[in-house]
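*Asks:* missing the sequence, but the structure's below:
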């Protein structure tokens, strides 16, 4: 993600135009960046194509309803989702939470309450980041972040600094789609004067070193998106 500090956060918001513009205005007033989508298909494409800090998702959307959008997001990403909807029955709330939403707010709602719930989500992310383990695992692959050692079972695998950093980022974000641009920023740095093709080159280097011939690769290619470490 591009940061979870309250005044530097990026948001994506799917909803009806008038409410969307109101929420956008209020969030931008706090120096937040907001991207709007007015149908489920467009919103899903944006949600999967980039990294966001939170998704505000309406339940009733044209082309694809919010429940299906949320389900598909959850298959690839852990981005927090807050559902905003006029449907306030217990069954609707349960359906929204069961499909992967982190919170559920019925309309009408107070914008300050929405902001407060978003702050709660960001605090959880910060606490989770602080508690992140120094040992990362995927199947029989283990990465010791502190010692910078990679083991496949009982076999130590030698990696260059860049290969190690790339593997660590993928494993820290296991089961999450990572675009080439995001990997480039996290491993090479935002101002690195290199093309995103370098990510493909280093993914190939990594696969040659960590994969076992005849077995599925640890790193899954997501066509048109990027890569994911699949656990």
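*Replies:* Good, I have the coordinates. Computed from a predicted model, the values in this text were never measured in an experiment.

*Asks:* Assign residue 137 to helix, strand or coil.
*Replies:* Here residue 137 is recorded as strand under DSSP: H, G, I helix; E, B strand; the rest coil.

*Asks:* Kindly report the same for the one 10 residues further on.
*Replies:* Judged by three-state DSSP, the three-state class of residue 147 is coil.

*Asks:* Backbone dihedrals for it, both of them.
*Replies:* Dihedral angles of residue 147 (phi, psi; degrees, to the nearest 10) stand at phi -90, psi -10.

*Asks:* how many other residues sit next to it?
*Replies:* 9 (other CB atoms under 10 Å). C-beta here means a position set from N, CA and C on the backbone, and glycine is covered the same way.

*Asks:* now swap in the one 3 residues further on and tell me
*Replies:* As a burial measure, residue 150 scores 23 neighbours (other CB under 10 Å).

*Asks:* okay but it is in contact with residue 167, surely?
*Replies:* Yes - contact criterion CB atoms under 8 Å: residue 150 and residue 167 qualify, at 6.7 Å.

*Asks:* Please spell out which residues along the longest helix that the chain contains are buried.
*Replies:* If you go by DSSP state H, the chain has its longest helix at helix 111-130. Neighbour counts over helix 111-130 (16 or more other CB atoms under 10 Å) mark 114-115, 117-118, 121-122, 125 as buried.

*Asks:* With stretch 211-230 instead?
*Replies:* Buried residues in stretch 211-230, defined by neighbour count with 16+ other CB under 10 Å: 218-219, 226-229.

*Asks:* Among these, which are located in strands?
*Replies:* Counted as lying in strands by DSSP state E, out of those, are 219, 226-229.

*Asks:* Which segments of the chain make up each domain?
*Replies:* Listed domain ranges for the chain are 6-130, 135-229 (source: automatic domain parsing).

*Asks:* and the longest one, how far out from the chain's middle?
*Replies:* Going back to what we said before, that points to domain 6-130. 13 Å (CA atoms, centre = their mean, to the nearest Å).

*Asks:* Can you name the residues that contact the residue nearest to residue 103 when sequence neighbours are not counted?
*Replies:* Once flanking residues are discounted, residue 103 sits nearest to residue 82: 4.5 Å by CB to CB, 6 or more residues apart in numbering. Contact analysis of residue 82 by CB atoms under 8 Å, 6 or more residues apart in numbering lists 54-57, 101-105, 114, 117-118, 121.

*Asks:* Turn the domains of the chain into CSV, including mean pLDDT.
*Replies:* Formatted as CSV, the domains of the chain follow (pLDDT from 0 to 100):
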stretch, mean pLDDT
domain 6-130, 84
domain 135-229, 89
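
*Asks:* quick one: residue 220 and residue 183, what's the gap?
*Replies:* Separation of residue 220 from residue 183 (CB to CB, to the nearest Å): 14 Å.

*Asks:* Where do the strands of the protein begin and end?
*Replies:* With DSSP E applied, the chain shows strands at 10-14, 33-37, 54-58, 81-85, 103-106, 135-138, 141-144, 149-152, 155-157, 178-179, 219-222, 226-229, listed in chain order.

*Asks:* For residue 211, which of those strands is the nearest?
*Replies:* Relative to residue 211, the nearest member of those by CB to CB is strand 219-222, separated by 8.1 Å.

*Asks:* List the contacts of residue 135.
*Replies:* Residue 135 touches 142-145, counting by CB under 8 Å, 6+ apart.
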